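S.K.: Show me how the following folds:
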Amino acid sequence: MSVHRTLPQPDDLSNLAQQRDHAITIYVPTSPVVAQREASQIAAKSAFDRAFDSVKAGGAPRAVLAALDDEWDRIADDEPLWGHLSAALACFLAPGFSEVYVLPTALESQLQVADYFDIGQLLRALTLRHDAHAVLLSANEWSLWHVGSTDRAARIDVSAEHPRNLAESMSRDPLLQHERKAQRLGDPDLTQELELYVKRVSDAVTGKLTERDPDGGTAIFVFAAEPLVSAFTARGVPGHRLVSVHGAPDRLGPADVDAVVRAGLADWAIRDAQGRVDAIADESGAGLAVSELADIALGAVAGAVDTLVFAYPDGVNGRFDESTGRIEPAAAGEATMRDGRPAYDVLSRIAVTVMQRGGTVIAVRPDEVSSPLWNGVALAGLRYTLA
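M.R.: Residues are numbered from 1 along each chain as shown. Next comes the predicted model:
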């Protein structure tokens with residue numbers, strides 16, 4: 001068994017995309033909160049039991065059932081796995097195979113038993129941004145934080161050479177070492193001190209991020225009350241986009257910072273997805289936008305799909321021929337085809353085909369994007385028109 005605490009790489013996706021008999025896909029929402037770990041384990045075990053019963057009812061040999069049980073036992077007995085959960089767990093099991101992804105993205109509960117894994121929601125995790133920084137700033141103190149792809153928000157140590165708060169910032173400047181009668185943020189006499197404080201914090205953050213993130217590009221969420229939040233965002237940090245989070249930050253903990261930052265990153269991803277949908281729609285007059293699933297499937301196998309936006313988790317159940325692009329839909333609510341072959345999420349398989357041919361895939365919830373061309377299932381931007 002392999003446990004991944006990083007986002008899947010192309011080789012990981014290629015491995016998961018292979019055909020396997022009795023392939024079980026389980027997505028379970030989880031929480032890093034200790035009190036909720038048991039509920040996460042119970043939910044995952046319940047999903048596996050349903051999958052196991054389905055494989056057993058299908059007449060699988062005892063050796064297959066024993067192999068599946070062994071793979072689940074490896075997952076269930078992995079104490080570090082259950083002790084360090086994030087927002088979701090993606091489990092992929094088959095006889096002799098198991099992979100688990102601990103994901104920072106909030107996903108939906110889902111179970112599939114077929115001859116392919118359903119990696120649709122795993123692709124959702126790739127759609128979202130996961131790396132950001134945060135500055136918590138008040139007159140009492142300031143701190144720099146990092147939110148990573150799999151790690152909860154954590155405070156970053158900053159050199160003691162930088163002032164820790166407004167008072168220390170003032171004391172380090174000989175010109176400002178005189179007493180003030182009023183020491184509240186709204187005092188106009190504090191304008192100069194605030195500007196100096198903000199400058200010093202900005203310089204400290206810039207220096208630290210230049211060291212940690214030399215390529216720049218990550219967002220910085222600024223938690224502060226007025227006038228500090230406006231002053232800091234106006235000054236900026238070179239190479240980074242700043243997002244204001246209004247309110248006093250002194251009592252915020254890691255969970256609070258993590259929740260706000262991840263929600264903000266999710267909002268960005270949705271806006272980016274909407275931008276992709278709009279860009280595809282702009283090409284509809286040239287015949288480079290298709291929303292009929294049959295056409296998208298044909299374009300995928302032909303290598304014509306440049307960008308695929310597809311909905312999860314309720315896709316289209318059936319089978320997809322990756323050589324011809326033909327789709328066979330399953331009867332509504334059925335997990336098998338009429339001939340007894342297992343049905344699976346067709347959108348997931350089409351997305352894999354698009355990626356294998358160099359295209360971009362973006363997983364969204366049906367209501368996260370809108371367009372006259374968006375049908376709540378899929379929309380594709382083509383490299384060239386289909387014959």
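S.K.: only C-alpha atoms for contact and neighbour calcs from this point on.
M.R.: Noted.
S.K.: mind showing which ranges of the stretch 101-250 of the chain have poor pLDDT?
M.R.: Within the stretch 101-250 of the chain, the segments meeting pLDDT under 70 span 150, 172-190.
S.K.: In it, what residue spans correspond to strands?
M.R.: 110-114, 132-137, 142-147, 154-156, 219-224, 241-246 (DSSP state E, counting those that start in this stretch).
S.K.: can you put these in CSV and add distance to residue 22?
M.R.: Converted to CSV, those look like this (distance: least, C-alpha to C-alpha, whole Å):
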stretch, distance to residue 22
strand 110-114, 6
strand 132-137, 39
strand 142-147, 37
strand 154-156, 40
strand 219-224, 42
strand 241-246, 46
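S.K.: Mean neighbour count for the ones you listed - can I get that in TSV?
M.R.: Below are the strands of the stretch 101-250 of the chain laid out as TSV (neighbours: other C-alpha atoms under 10 Å):
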stretch	mean neighbour count
strand 110-114	21
strand 132-137	25
strand 142-147	20
strand 154-156	16
strand 219-224	24
strand 241-246	17
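S.K.: tell me, which helix in this protein spans the most residues?
M.R.: Once the chain is assigned using DSSP state H, the helix that runs over the most residues is helix 254-282.
S.K.: Now for the residue nearest to residue 127 when sequence neighbours are not counted, how many residues are close by?
M.R.: Spatial nearest neighbour of residue 127, chain neighbours left out: residue 362 (5.6 Å); criterion: C-alpha to C-alpha, 6 or more residues apart in numbering. The number of residues packed near residue 362 is 24, by other C-alpha atoms under 10 Å.
S.K.: what about residue 362, helix or strand, and which?
M.R.: According to DSSP states H and E, residue 362 maps onto strand 360-364.
S.K.: who does that strand pair up with?
M.R.: Sheet pairing here is set by DSSP bridges, and for strand 360-364 it gives strand 305-311 (parallel).
S.K.: Remind me what the following helix or strand past the partner strand packs against, helices and strands.
M.R.: Tracing the chain C-terminally past strand 305-311 and defining elements by DSSP H and E, one meets strand 317-320 next. Other elements packing on strand 317-320 under the criterion 3 or more C-alpha pairs under 8 Å, 6 or more residues apart in numbering; DSSP states H and E are strand 327-329, strand 344-345, helix 346-356.
S.K.: Show me the helices in the stretch 101-250 of the chain, by range?
M.R.: With helices called from DSSP state H, counting those that start in this stretch, the stretch 101-250 of the chain shows them at 120-127, 166-171, 191-212, 228-235.
S.K.: picking that back up, how far out from the middle of the chain is the longest helix of the chain?
M.R.: Counting by C-alpha atoms, centre = their mean, to the nearest Å, helix 254-282 is centred 10 Å from the centre of its parent chain.
S.K.: residues of that helix that come out buried?
M.R.: 257-258, 261-262, 264-266, 269-270, 272-274, 276-278, 280-281 (16 or more other C-alpha atoms under 10 Å).
S.K.: Likewise for stretch 35-52?
M.R.: Neighbour-count burial for stretch 35-52 [16+ other C-alpha under 10 Å]: 37, 40, 43-45, 47-48, 51-52.
S.K.: In those residues, find the pair that's most separated.
M.R.: Farthest-apart pair in those is 37 and 52; separation 22.5 Å (C-alpha to C-alpha).
S.K.: Run through who's touching stretch 155-173.
M.R.: The contact list for stretch 155-173 (C-alpha atoms under 8 Å, 6 or more residues apart in numbering) reads 138-146, 176-177, 193-194, 196-197, 200-201, 204, 208.
S.K.: Select, out of the helices of the stretch 101-250 of the chain, the one closest to residue 377.
M.R.: helix 120-127 (12.5 Å).
S.K.: Any figure for the gap between the residue nearest to residue 127 and residue 377?
M.R.: Going from residue 362 to residue 377 by C-alpha to C-alpha, to the nearest Å gives 12 Å.
S.K.: anything in contact with each of those two?
M.R.: Common neighbours of residue 362 and residue 377 (C-alpha under 8 Å, 6+ apart) are residue 310.
S.K.: helices and strands around whichever helix or strand comes after the longest helix of the chain, which ones?
M.R.: As assigned by DSSP H and E, the chain's next helix or strand after helix 254-282 is strand 289-290. Applying 3+ C-alpha pairs under 8 Å, 6+ apart, we find strand 289-290 packed against strand 378-382.
S.K.: quick one: the strand it packs on to strand 360-364, angle?
M.R.: Note on geometry: by axes from the mean of the first three to the mean of the last three C-alpha atoms, to 10 degrees, strand 378-382 and strand 360-364 are set 160 degrees apart in direction.
S.K.: That's all I had, so thanks and see you.
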